[in-house]
Structure formats: C-alpha cells, structure tokens
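K.L.:
sharing a model that was predicted from the sequence below.
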Amino acid sequence: MVKTHALVVIAAALGGCVDTSLSGPFQAEVLVRTPDRQYVLQTVALPDLTGFDPMSDPVVRFSDHPNFDESELEEYDASSFAAPSDYSPRVRDVGGVAVARDLESLLTLSAYYSFKDNFARAQDAFGALPQLIPDGGFQILVEPKFSSELGSQELGTNAAYISGGQAFLLVQMSSLERIPLGMNPSVLAHEFGHHVFHITYEAADGLCDPDDNAPGPTPPGRFSSADAIRGFNEGFADITAFALQQETRVLADSIPALDNGERTLDMREPGYLAFSWSTRDRCGDSFYCIGTLWARAVFEVYIGSGARPDDVTARSAYTRTIATAVAGIPGRLRQRGGWVTPTKACDFASLDDELFLVHAYVDAFIAGLPVTLNPSACRELAARFEYTPAGCP
Ligand SMILES: [Zn+2]
C-alpha cells in the first residue's frame, strides 16, 4: 500500500507542466542568498516575466535543452543561439505563487531571478555602457548538449557565457556543487562580467576570424584566445562579481571542495593562496591565475583608496573607472610596437612570448587609469607581475 501511495504521489508530481491558473504579475519561489550568505527559498516578484509556458521576458529568452553540433560552432555570433523561448519550467500554483516541481525548474527560476538582479546592479556599476543589455536580449540555454564526432556530452559543473553569442549556459548540477553554480548570484555576476568584457575589450578589439588566413597585421584582435587575454577576461569577471555582489571568493559557496584560495581576491581572508607571476605554478588553474593576479591588484587599489568593500556607491564608481580603462586597452595595444606578425588571423600560437602580451596588457591598463590611481596601480601590479610597467616609477 505504501509503495502504491508513493507511486501515486510521483505520478501526480510528473503530471502537467504549468498550472494554467497562474497569471501575472508573477511570483515564484526561488533560492536566494541572504546578506549573511545563507541560501533560502523565498517568494519573489518577477515583474518582467510575461509567462511561464514558455518562460518569457522582454530581454531574456530560454532554450529548452538545446543540442549543438560542435563542428558547426567554430564560428558563431549572437544569431547562432538566438531563438524564441521554448522552455517551460515545471511549476504548480501554490496560492498564486509558482513553485518548482523539480530541481531543474527551481534552478532555472532561481537563475532567472538572480540574472535580473545582476542586470539591475550592473546598470549602477557600469553605467550606460552600450549593449550592457544587448538589443537582441540574452539567450539562456537550459542544460544544453554539445555533440561532436566523438559523441554527445552534457556538461557538468559549470555556468558559462558564450562570448559573442550573448548567451549563458546553465548546466545540470553535479554532486560537487553545494549550491548549484546557476543559483549562485556571484557566479552569475562573474558570467555577466564576461559579457561586459565582451562589450568593452572585445568589442574594441575585434575577435579573430578563423577564415581569415591573411598574415598580419598586428594584434590585439588576433590574440583574443591567447591564455593571457583569456586570463584577463577571467580576472575582469571576478572583479565584476566583486562589483555586483561584493564577492571575493567566487566559487566558495558552490564548490568549497575546489576553493583552495587561489582565486580569493582579498589577502585578509583565511585560506588566501599567495602567488606572483614567477610562482604562479602554485595556482593550479592555468590561465585563470593570470587574471587573478590582475584582479587582486585591482581589488587592493580599491581598498588602498580608503573605500569600503560594502560601499556600493564607491564600488560602482570604481568599477566604471576600471571598465573604461579596460575598454581602452585594444586601442593602446595597437599603438604599441614589438608585436610578432601572426601567419594568419587566429594564429595565436605564433605568439611565442606570452609575457610580452601580459606586460603590454598591464601597461595599457595602467595608462587608461586616472592619474590619482596611477601610483597604487603601479605598485600593486608591479608586485604581482614582477616588473616595472611602462609609465611607472
Ligand atoms: Zn569565467
């Protein structure tokens, strides 16, 4: 009897996707992070949501388990992932509140709420950056599959931004995650930071075109896939998580097992793993570590200015300064001599001297900061990258 009852309950839970009784303005139960870093289920308003079936919003669209052929993905842009919403979370109506019937629906609803919150915070932190919210909106891919000649695979343990695609991925959670990455506001802020890097640095830089086999001319666009630039992109994303969420340990809530302090920005925090350019092997996360050195320097410059981490107005003003300096880097790199000439457009392998690119980027970043920040930026970046940047005493 007990077994039969359990089956009936499961059958009831699986039947029906969206209670048609739900109507706008919508409310849903989602997982939110409280100021003391607890994750709790809370009923929130979703004022921009226009419906659950499918889930739709003027600037955010959801793709239901899309399947991509990797061989067709070598070249992509925003249009590659753009599609009308076709994802419907499985929710039931509990007193007018949409309550998820399964984990995937809870993850998607929570991610949606957190993305919207981060978008609103980004308007303050970054100001009126063109395409901060792109004209075409964002696509959110719910548990996408990527197939290649080797077979099909579902990604695990990640949330991601597809640069140039104006799309975010929410992947199935894994047992490594204490809090699913897609429900962690800091991780989503980090992913949004990649979008800001895309509309600042990459937009000014120009991404390399794999079909362009012409040799030369000079960077920087050709090196967007080089470890150095990928690293600085990660560092910028971590600084964005600080800007939007006052986060200094972006993975700590979600994957404590993997958080060994190598990406901790604040040296005052327990477990902080210190390293510099020459000792970056201590930091295991390859190109991420280059970005962490940059992000730690940027964080210390902020603290050194006397501003408090919890002062959102000061954080926002500082973030705008940093984003402006980063947006100006490609133009300054172009003027810099000494580049090797790539044999074709995306031939970043021909860049033998990664250190040259790292120094060029750091020099160009410092050159874009206001003079008031110059002495501390010089000091913090010189200490971590172990050289004297151009224009520094
Ligand atoms: Zn990232």
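P.N.:
It's in. Residues are numbered from 1 along each chain as shown.
K.L.:
what residues does stretch 369-389 touch?
P.N.:
If you take Cβ atoms under 8 Å, 6 or more residues apart in numbering as the criterion, stretch 369-389 is touched by 276-278, 293-294, 296-298, 300-301, 304-305, 321, 325, 358-359, 362-363, 365-366, 391-393. Every residue, glycine included, has its C-beta placed from N, CA and C.
K.L.:
endpoints of that stretch, how far apart?
P.N.:
With Cα to Cα, to the nearest Å applied, stretch 369-389 spans 13 Å between its terminal residues.
K.L.:
quick one: buried ones out of the contacts of stretch 369-389?
P.N.:
Taking 16 or more other Cβ atoms under 10 Å as the criterion, what is buried in the contacts of stretch 369-389 is 277, 293-294, 296-298, 300-301, 321, 325, 358-359, 362-363, 365-366, 392.
K.L.:
how about the residues of the chain by the ion?
P.N.:
Neighbours of the ion within the chain, by Cβ under 5 Å from the ion: Glu234, Ala237.
K.L.:
walk me through the domains of the chain.
P.N.:
Domain assignment for the chain by automatic domain parsing gives 52-90+101-182, 184-393.
K.L.:
ok, which of these comes nearest Arg33?
P.N.:
domain 184-393 (5.5 Å; Cβ to Cβ).
K.L.:
in the chain, where's the longest helix?
P.N.:
Among the segments of the chain that qualify as a helix by DSSP state H, the longest is helix 103-126.
K.L.:
about what we covered before: could you dump the domains of the chain into JSON lines with distance to Arg37 and mean pLDDT added?
P.N.:
Formatted as JSON lines, those follow (distance: least, Cβ to Cβ, whole Å; pLDDT from 0 to 100):
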{"stretch": "domain 52-90+101-182", "distance to Arg37": "10", "mean pLDDT": "85"}
{"stretch": "domain 184-393", "distance to Arg37": "7", "mean pLDDT": "87"}
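K.L.:
could you dump those to JSON lines with distance to Leu31?
P.N.:
Below are these laid out as JSON lines (distance: least, Cβ to Cβ, whole Å):
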{"stretch": "domain 52-90+101-182", "distance to Leu31": "4"}
{"stretch": "domain 184-393", "distance to Leu31": "9"}
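K.L.:
what's the burial count for Glu72?
P.N.:
As a burial measure, Glu72 scores 11 neighbours (other Cβ atoms under 10 Å).
K.L.:
ok, the one 10 residues further on next?
P.N.:
The burial count assigned to Ala82 is 16, neighbours taken as other Cβ under 10 Å.
K.L.:
ok, now the one 5 residues further on?
P.N.:
Neighbour count of Tyr87, defined by other Cβ under 10 Å: 22.
K.L.:
for it, helix, strand, or coil?
P.N.:
Assigned by DSSP: H, G, I helix; E, B strand; the rest coil, the conformation of Tyr87 is coil.
K.L.:
I'd like the distance between it and the ion.
P.N.:
As judged by Cβ to the ion, to the nearest Å, Tyr87 and the ion stand 23 Å apart.
K.L.:
ok, that residue - contacts?
P.N.:
Shown in contact with Tyr87 (Cβ under 8 Å, 6+ apart): Pro54, Met55, Phe62, Ser63, Asp64, Thr108, Val142.
K.L.:
which one of the domains of the chain lies nearest to Thr34?
P.N.:
Nearest to Thr34, of all those, is domain 184-393, at 10.9 Å by Cβ to Cβ.
K.L.:
just want the residue of the stretch 251-393 of the chain that's nearest the ion.
P.N.:
Tyr288 (7.7 Å; Cβ to the ion).
K.L.:
one step back: right, and the helix or strand after the longest helix of the chain?
P.N.:
Next along the chain after helix 103-126, taking DSSP states H and E as the criterion, comes strand 138-142.
K.L.:
after that next one, which helix or strand is next? Please name it.
P.N.:
Following strand 138-142 in sequence order, the next helix or strand is strand 145-148 (DSSP H and E).
K.L.:
pairing partners for that next one, with directions?
P.N.:
With DSSP bridges as the test, strand 145-148 is paired with strand 67-69 (parallel), strand 151-154 (antiparallel).
K.L.:
quick one: residues in contact with the very next helix or strand once past the last one.
P.N.:
The one in question is strand 151-154. Using DSSP H and E, the helix or strand that follows strand 151-154 in sequence is strand 159-162. For strand 159-162, the external contacting residues (Cβ under 8 Å, 6+ apart) are 76, 81, 111, 167-171, 181-182, 184, 187-188, 191-192, 194-195, 198.
K.L.:
what about the residue nearest to Phe81 when sequence neighbours are not counted, how many residues nearby?
P.N.:
Among residues not flanking Phe81 along the chain, Ala167 sits closest, at 4.0 Å (Cβ to Cβ, 6 or more residues apart in numbering). Residues lying near Ala167 (other Cβ under 10 Å) number 24.
K.L.:
what residues are up against Ala167?
P.N.:
Contacts for Ala167 (Cβ under 8 Å, 6+ apart) come out as Ala78, Phe81, Phe138, Gln139, Ile140, Leu141, Tyr161.
K.L.:
thought Leu176 was touching Leu258?
P.N.:
Yes. In this structure Leu176 lies within contact range of Leu258 using Cβ atoms under 8 Å: 7.0 Å.
K.L.:
one step back: so which of the contacts of stretch 369-389 belong to helices?
P.N.:
293-294, 296-298, 300-301, 304, 321, 325, 358-359, 362-363, 365-366.
K.L.:
look at Pro35 and say how many residues are nearby.
P.N.:
For Pro35, the neighbour count with other Cβ under 10 Å is 7.
K.L.:
Ala382 now?
P.N.:
17.
K.L.:
and if you look at the one 5 residues further on?
P.N.:
Counted with other Cβ under 10 Å, residues neighbouring Tyr387 total 15.
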